[in-house]
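Q: next come a sequence and a model predicted from it.
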Amino acid sequence: MNDSEINRLINDSPSRGHRALFDEYYSYVYAITVNILRGCGSAEDVEECVIDAFASIIKNLDLSSYGALKPFIGTVAKNKALSMRRTLISRYGNNVSIDSDEIGELSSEERVDTDTENSEMAGFIMQKIKELGEPDSSIIIQKYFYERNATEIGRMVNMNPASVRMRCARAMKKLRGLLGEI
C-alpha cells in the first residue's frame, strides 16, 4: 500500500487508515527504535517506544502538510527513541563494556559456587532453547545472545522481519512454558 492509498483510507475511515499506516510502517519504526535503544533498553522498552511513536504519528499527522509519510514517520520514531534512550540512561546509568579501561581491577570476592550455579542454569536454558527446534532456537539465540534485529535474523533464516518477530514471540511463550516445568 502506498502513501496516497493510506491518505485516502485515513480520510474515508480513520481507524482503518491508521491500521494500514501501522501495518505498512511498523517494521520501519521498529528498526529505527531497536537501533537507537540497542544496549540500553529491553524488548519491552522497544515495544513501548514503538507504540508511543505511532501514537504521536497518528496524533500529529496532517495529511495536507506532508507529501511522503516515510520521512515524517522516521523523524518521529527517531525522536521518540532518542528521548527514551535519554530517559533510560538517566534512570539506569550508562552500560560499561567489559573491555573498557574504566573498570579497573575486578573484585577478588569471586563466588565460585554462584558462578557454577549460573553456568549450570545457562546450560539448562540453552538445552530448552534447542528443544524449541529450528528456526525458533536460531531466532532466540540470534536475538538474545547476539543482539541481532529481525531484519538481520530474517536474512539468516530466509524469513521476512515480521515473521521473525512473530516466531520470536511465540518461541518465547513456548520457552517460558518449558522453563516453568522445572
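A: Cool, the structure landed.
Q: quick one: mean pLDDT for the host helix or strand of Arg167?
A: Arg167 belongs to helix 161-180 when assigned by DSSP states H and E. For helix 161-180, mean pLDDT is 87.
Q: and for stretch 70-90?
A: pLDDT averaged over stretch 70-90 gives 89.
Q: which other residues reach that stretch?
A: Applying C-beta atoms under 8 Å, 6 or more residues apart in numbering, the external contacts of stretch 70-90 come out as 3, 25, 28-29, 32-33, 35-37, 40-41, 45, 48-50, 52-53, 56-57, 60-61, 66. Any C-beta I mention is one placed from the backbone N, CA and C, and that applies to glycine too.
Q: cutoff 7 Å now
A: 25, 28-29, 32-33, 36-37, 40-41, 45, 49, 52-53, 56-57, 66 (C-beta atoms under 7 Å, 6 or more residues apart in numbering).
Q: can you show me the CA trace of it as PDB?
A: Below are the C-alpha coordinates for stretch 70-90, written out as PDB (Å, rounded to 0.1, in the frame of the first residue of the first chain):
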ATOM      1  CA  LYS A  70       8.100   8.000   5.500                       C
ATOM      2  CA  PRO A  71      10.300  11.000   6.300                       C
ATOM      3  CA  PHE A  72       7.800  12.200   8.900                       C
ATOM      4  CA  ILE A  73       7.400   8.800  10.400                       C
ATOM      5  CA  GLY A  74      11.100   8.200  10.500                       C
ATOM      6  CA  THR A  75      11.700  11.500  12.300                       C
ATOM      7  CA  VAL A  76       9.000  10.900  14.900                       C
ATOM      8  CA  ALA A  77      10.400   7.400  15.500                       C
ATOM      9  CA  LYS A  78      13.900   8.700  15.900                       C
ATOM     10  CA  ASN A  79      13.000  11.500  18.200                       C
ATOM     11  CA  LYS A  80      10.900   9.200  20.400                       C
ATOM     12  CA  ALA A  81      13.700   6.600  20.600                       C
ATOM     13  CA  LEU A  82      16.300   9.200  21.400                       C
ATOM     14  CA  SER A  83      14.000  10.600  24.200                       C
ATOM     15  CA  MET A  84      13.500   7.000  25.600                       C
ATOM     16  CA  ARG A  85      17.300   6.400  25.400                       C
ATOM     17  CA  ARG A  86      18.000   9.600  27.400                       C
ATOM     18  CA  THR A  87      15.400   8.500  30.000                       C
ATOM     19  CA  LEU A  88      16.800   5.000  30.300                       C
ATOM     20  CA  ILE A  89      20.300   6.200  30.600                       C
ATOM     21  CA  SER A  90      19.500   8.800  33.200                       C
END
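Q: tell me the buried residues in the helix holding Arg167?
A: Pro161, Ser163, Val164, Arg165, Arg167, Cys168, Ala171, Met172, Lys174, Leu175 (16 or more other C-beta atoms under 10 Å).
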